[in-house]
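Novice: Next comes the sequence, and after it the predicted model I'd like to discuss.
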Amino acid sequence: MGEITTNHYVVLATILFFIGTLGVLGRRGAITVLMSIELMLNAVNLVLIAGSRQWGNLEGQMVAFFVIAIAAVEAAVGLAILMAIFRAKESINLDELSTLYE
């Protein structure tokens, strides 16, 4: 077996990003959409870290660290918004949410 190269990481990240995109575009549940966005962010992190490894510097890893921090904040705020919507509408189905409050 050969060595794992940067191309392998990029192909894996592309597949993960594509799966995340399908999840965002094809799903109706808000929780699934948030998880798909997290998957897309992790695919970007994988490319950043693979590029950092290839070029031998830490810049990609530092940016990936900040993306992870932003993703954690996004998840917390997104779930808080979904809880507020659920309390008001008793549903978090994205097709039923044309406005925030009616």
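Specialist: That came through, no problem. Numbering: from 1, shown residues only.

Novice: Ignoring the adjacent residues along the chain, who's closest to the residue nearest to the spatial centre of the chain?
Specialist: Per Cα atoms, centre = their mean, the C-alpha nearest to the average position across the chain is that of Glu38, at 2.1 Å. Using Cβ to Cβ, 6 or more residues apart in numbering and skipping the chain neighbours, the partner closest in space to Glu38 is Ala71 (5.9 Å). Backbone N, C-alpha and C define where each C-beta goes, glycine included.

Novice: Based on its surroundings, how many neighbours for that neighbour?
Specialist: 17 (other Cβ atoms under 10 Å).

Novice: ok, now Asn45?
Specialist: By other Cβ under 10 Å, the residues close to Asn45 number 21.

Novice: same question, Leu16
Specialist: Counted with other Cβ under 10 Å, Leu16 comes out at 19.

Novice: Which positions within the lowest-mean-pLDDT helix or strand in the chain qualify as buried?
Specialist: One helix or strand of the chain scores below all others by mean pLDDT, DSSP states H and E: helix 59-89, with a mean of 88. For helix 59-89, the neighbour count (16 or more other Cβ atoms under 10 Å) marks 60, 63-64, 71, 78, 82, 85 as buried.

Novice: Just give me how far it sits from the chain centre.
Specialist: 9 Å (Cα atoms, centre = their mean, to the nearest Å).

Novice: that older thread, now the residue nearest to the centre of the chain: which helix or strand?
Specialist: helix 30-55 (DSSP states H and E).

Novice: so that helix versus helix 59-89, what angle?
Specialist: Angle, helix 30-55 to helix 59-89, by axes from the mean of the first three to the mean of the last three Cα atoms, to 10 degrees: 180 degrees.

Novice: before we move on, the earlier item: and the least confident helix or strand of the chain, what does it pack onto?
Specialist: helix 30-55 (3 or more Cβ pairs under 8 Å, 6 or more residues apart in numbering; DSSP states H and E).
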